[in-house]
Every structure is written in structure tokens, then in C-alpha cells.
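A.B. asks: Sequence plus the predicted model coming up.
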Amino acid sequence: MTEVLNLQDLRGLIGIDAETIYVKGHTTSSDGGGGIFMWKNEPNIINPVFTGTGIYSQDNNGTIVKATSNDTGRWIRQYNGYINVLFFGAFGFGNNYTIEIQNAINFASLNTRYNPIFKGSTVFIPNGSYRVLNIILKNGITITGESIHTTYIYSLPGNDGQYLFEIEEGPVSLNIMNLNLVGENSGRGCFWFKSKPNIPDLIDPIAHGGLWDSRISNIRIVGFKGHGIYLEGGGDGSNYMLPHQFNIFENVRIFKNSDNSNALKMTGQNGQITFLNCEFDGFIKNNKYSTGKNIQIRNEKKYQSAVISFINCTCQDADYGIHIEWAENITIDNCWFENLGVAISIHSNFADEVNDFPSKSVNILNNRFANAAGFGSLNAPNNIKIGQCVNISNSFVNVNNNYVAVSYPNDPNLNINSAFIVAYNNIKGGVSVRGNTFQVNKLGKTNGIMQIINVLNNTIDCAGSKLVFVSPSNSIIKTIRSSINAGEYLTIRAHQGSIKFNNTDNVFLTNKTLLSINNGEIVTFVKIDNIIGSNYETYQLVSIMRAST
């Protein structure tokens, strides 16, 4: 078999069909980029296809090599398994390998097309250091490093607001694993998954896009001043086919490096996404924890994020942990929150004064809060001191089976003004709380779980609250409105005066026509399936607690 030193020497040779040549290295002998090449002249290699060239015709300096003086064929690398970036000259010595790694990804992408000549869509990055400016991730590929501890990709300097990794147009499905990504204090972000529409055609006239059916695992992200991961879903009202969905992020550890960025940011359409055993951290510098939010889930367009799970994750070292604005079906289960001013905040999209949509079915379950309300007993004088583990506004939230602790429960630095739960302006929402435990009882302080409401047009609107204080009114309550379910109980307390109920509309007092309770007295109703008139809900009186005479 003929031998040549490198790919440049190979370009000087013209082969015959199926002839093979051994190349000692990509650039130098034994640099890992060598291998066996075969001369091929299939139609997709040399004949015009699609835009005028064969899809495998371009010399990519790794797996396809064009002879300098001949265009009748190409030297094609023979390989099995992964597409190694060494094939393309990315040797891991700390140099700029943007072009080399992108060439490997582009070749892997060609192999995902219908009936490709070559096989393999996995790009392998061995142990080493690789500097990169910007990489476009393609549909159908896998990128794997050798180890999260030994395969390093460093961001080259770039403009603020740019990202190390982006995705191409259209629906993109990919796998990325085993990489240590270092921003080196760059103003850029790491991953920008922006849902970009593809070009519609006659078969499908609707543009599609987004990250689909993907898995990102064993990734460490550190040193970026931009967002660590930004999932920017579509959905501006003109096209609802631009979601990110059916994605899993596992063992992804993000350490944000700026007060103005998020470790994780999600906007627009995001659904069916799971974060498993991930870490979203801020930092502490000069006795000050990072400000801003480690995780931000916010609606900015017509369609909000929904069906997102954080399982066994960690969030720590910042003024704000997770901040949610108008999202639905968010589950935070068995996670660790530590060294935070406000651990979790849930709101409606209150920036939109016309359409104030509440967050719904947010479930905060089985978590551990350690110094996560006003930094607990830690000394954080330059950060939030009046904090909460859970802060709620105009939202429906379940807070069950969590545990709250501080480092020094008897320390005078413990901020007694902080609380476990604070709900305010929660007129449209409701908070269900059950089974939470505390290292010491004073950590269980809550405020706003019950709401004070007024009677309007003989009606009280209790939203999702199960305990309400009703202010006195000259009118009689004939209608109760709430979003609790049949079989659930609603407790009503007369607040600063007497209130009256009438056995009419959807209020059922059994044998009573009129019921009056005085200040401080309590009645309880159970919501049952409709039995009165055409109303879809009926509230049956089940108990009265009178003041002692």
C-alpha cells in the first residue's frame, strides 16, 4: 500500500476507483489524524446534486480530500464508529479549532440524510483543550467528549450576547455529553437554543423549529458572563410550531459568572422538559452573593412554558434561585436550595396589564431549603435580608413535604423577618400547603396563604384559596366562586364584622334559608357536583363555628 505523510501530500495524488492509500497523519506523522483513504467517484461525491455540487464533494480537510489537479473523484477516509475531530486537525493542544470541529459536525450531519453513502453521526472529541469561537449544532448528530473532567472547550473572546453553541434552523434533535465548557470570563453565553423556523415547502407549508427529542448530559459550564443555557422557544401568535420539547438535561452543572445573566433561562414555548440531577449556581465574591436569578422561566410571547420538571437538582449562592412568570405544570421535586435570598418565586405575567395570566399547577415538593430565606443565619449584609423560601403572586401553587433548615438556628444573625411562604396579591391564585417540616418552628412562618376578599354583586370570588376572610357588606352572599375541586373544603371567616349567606344560586344551606356569622366566626363549605339549577358548582354547608357566649 502506498504511504504519504499527510493530507496535503494526499491532494497531490490521483487515484483509480477503489484504490487505497495510507496517510500517516493529518499534518504530521502519528498526530492521530491519519488513516486509510480510498478513491471514490460515486454520483453524490462528484455529480451535481441539489445546489449544483455533490453533497460529499467539498474537501473538508478530514474525511473528504480533493486531488489538487483532478475533479473526477475524491479521497474518502475509511473509518468505523465515531467521527474523531483528530481526523480534521483538532489535536487538543489549546489552539483555535472552530473550523475543524465545525467540519466534523457538518460531515456527521451529511450522514444523517436519507440514504447517505457514509455512516456515523457521532462526533468524538478526545481528552484535550480546544478553543472555539462559535459552533452551529446540526439536526441528528451526537457530540461526545471523552470525559467531563478532561475534555475542555474554551470560549474565544467574542461580542457580548453571542454564544459558544447555537442550533440551525428547523427542528433539531441532538445529543451532547462529556464536555467541560469554560467561558474564561467572556461576555458570551454558552448554549443558545433559539427556535428558528425552517423554510416551508409545498409538502409542509408551515415552518417548524425548536430543540426536540434531545439529551444534554455530563456537561460543566463555568466562566460565562452570558446565560449558561438559554432555551428561547417560539410562539409569537403567528406560528405555534416552534417549541422546545421532549428534552432531557442530566448532570448539567452551570456556574454563572455575572449578576445580569442566568444559569438557565427559558422563554416562549418550552414543554415536556426534564432537568435531572443538575446544578444551577451563582457565586460569592467579596462577601457578596450574586444578584439576579439563577433560573428564570418567563413568558415573552403568546405561548408560555409548561410541563417542566426539576428533579434532584441544586440551586444556590444568589439573591434569587428560581423565578417563574406565567408558566404551567412546573414541578420542583427533591431539590436542594441553599444560600439564597428568595429561593423560589412564582408570578403571573404581571408586566402585561391587559392579560394578567397566572402561573398554574406549580408543585414544590420534597425539597430541602438550607439558609434559603434571606440567607438564613448566614452573614450576607450586601444581599437580600428579608427573604422567603417561596414567594407567590397571582398563581396556583402546591407546597408539600419540604424541609427548612439553617446553619445556626440560635444565632442572632438569623433573620426572623424572613418566612417560609409569602403570598401577596394572590387574588387570582391559590396556595395549598401540607406536610412541611422545620428545623425549628420559627422557620415555618407564612403570610398571605389566606386572602381577604370583599362581596361584589352578592358574590365572593375565592379563586384557588381554601381559607378566606370576608369583609362585612350590606349585601347577602348568594354565589360562591372558586377553582377548588368537588370534595375539597372552603373555609370562610367573617372579618371585622358580620356577613350573611342566602340559600340560593349555588349556596346550599340545607334547612336554612339565611345564615349570618359574626366577626371571627367560621363556616366551612364542601364543593360538590351540581345539584342546584344550572350552576356547574354547588357549595354545601358542613360546619359552623360560633363564638362562645
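C.D. replies: Now that the structure is in, tell me what you want to look at.
A.B. asks: Low-confidence ranges, the stretch 351-500 of the chain, go.
C.D. replies: Within the stretch 351-500 of the chain, the stretches with pLDDT under 70 are 351-355, 413.
A.B. asks: Flag every buried residue along stretch 373-391.
C.D. replies: 373-378, 380, 383-384, 387-391 (16 or more other CB atoms under 10 Å). From N, CA and C alone the C-beta is placed, and that goes for glycine too.
A.B. asks: Redo those as TSV? Include secondary structure and distance to Asn41.
C.D. replies: Shown next, in TSV, are the buried residues of stretch 373-391 (DSSP: H, G, I helix; E, B strand; the rest coil; distance: CB to CB, whole Å):
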residue	secondary structure	distance to Asn41
Ala373	strand	70
Gly374	coil	72
Phe375	coil	69
Gly376	coil	71
Ser377	coil	75
Leu378	coil	70
Ala380	coil	69
Asn383	coil	67
Ile384	coil	69
Gly387	coil	70
Gln388	strand	70
Cys389	strand	68
Val390	strand	67
Asn391	strand	67
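A.B. asks: Now for those: which two are most distant?
C.D. replies: The most widely separated members of these, counting by CB to CB, are Ser377 and Asn391 (19.7 Å).
A.B. asks: ok, and what's touching whichever strand or helix holds Ile421?
C.D. replies: Element membership for Ile421, per DSSP states H and E: strand 419-424. With CB atoms under 8 Å, 6 or more residues apart in numbering as the test, strand 419-424 has contacts from 369, 373, 388-393, 397, 399, 404, 429, 431, 433, 436, 438, 443-449.
A.B. asks: at 6 Å instead, please
C.D. replies: Residues outside strand 419-424 that contact it (CB atoms under 6 Å, 6 or more residues apart in numbering) are 388-393, 404, 431, 444-449.
A.B. asks: Save those residues as a markdown table, and put in secondary structure too.
C.D. replies: Putting these into a markdown table (DSSP: H, G, I helix; E, B strand; the rest coil) gives the following:
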| residue | secondary structure |
| --- | --- |
| Gln388 | strand |
| Cys389 | strand |
| Val390 | strand |
| Asn391 | strand |
| Ile392 | strand |
| Ser393 | strand |
| Val404 | strand |
| Val431 | strand |
| Gly444 | helix |
| Lys445 | coil |
| Thr446 | strand |
| Asn447 | strand |
| Gly448 | coil |
| Ile449 | coil |
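A.B. asks: Make sure Asn45 is indeed in a helix.
C.D. replies: Not Asn; residue 45 is Ile. Yes. According to three-state DSSP, the state of Ile45 is that of a helix.
A.B. asks: my guess is it meets Gly54, correct?
C.D. replies: Yes. At 5.0 Å, Ile45 counts as touching Gly54 under the criterion of CB atoms under 6 Å.
A.B. asks: Got phi/psi on the residue nearest to Thr150 when sequence neighbours are not counted?
C.D. replies: Counting by CB to CB, 6 or more residues apart in numbering, Asn127 is the residue found nearest to Thr150 once chain neighbours are left out, at 4.1 Å. The phi and psi values for Asn127, taken as degrees, to the nearest 10, are phi -50, psi 140.
A.B. asks: And for Asn127, the neighbour number?
C.D. replies: By the criterion of other CB atoms under 10 Å, Asn127 has 12 neighbours.
A.B. asks: Report the contact partners of Gly145.
C.D. replies: Applying CB under 6 Å, 6+ apart, the residues contacting Gly145 are Ile125, Thr151, Asn178, Leu179.
A.B. asks: Filter those residues down to the ones in strands?
C.D. replies: Counting by DSSP state E, those place Ile125, Thr151, Asn178, Leu179 in strands.
A.B. asks: in this protein, which helix or strand is least confident?
C.D. replies: The helix or strand of the chain with the lowest confidence, counting by mean pLDDT, DSSP states H and E, is helix 43-46 at a mean of 80.
A.B. asks: before we move on, the earlier item: relative to Asn180, how far out is the residue nearest to Thr150?
C.D. replies: 10 Å (CB to CB, to the nearest Å).
A.B. asks: What of Pro243?
C.D. replies: From Pro243 to Asn180 the distance is 30 Å (CB to CB).
A.B. asks: neighbour count winner among these two?
C.D. replies: When neighbours are counted by other CB under 10 Å, Pro243 comes out ahead of the other of Pro243 and Asn180, with 26 against 20.
A.B. asks: May I have the residues that are in contact with the spatially closest residue to the more buried one that is not a sequence neighbour?
C.D. replies: The shortest distance from Pro243 to any non-neighbouring residue, by CB to CB, 6+ apart, is to Gln269 (3.7 Å). The neighbours of Gln269, taking CB under 6 Å, 6+ apart as the test, are Gly233, Gly234, Gly235, Pro243, Tyr303.
A.B. asks: What is the nearest of these to Asn277?
C.D. replies: Sorting the contacts of Gln269 by distance to Asn277 puts Gly233 at the head of the list, at 23.4 Å, by CB to CB.
A.B. asks: Can you check what pLDDT the model gives the closest one?
C.D. replies: pLDDT for Gly233: 93.
A.B. asks: Reduced to three states, what does Gln496 come out as?
C.D. replies: When classified by three-state DSSP, Gln496 comes out as coil.
A.B. asks: What about it, how many residues nearby?
C.D. replies: For Gln496, using other CB under 10 Å, the count is 11.
A.B. asks: how far away is it from Leu456?
C.D. replies: For Gln496, the distance to Leu456 - CB to CB - is 17 Å.
A.B. asks: got it, and Thr28?
C.D. replies: Distance from Thr28 to Leu456, by CB to CB: 82 Å.
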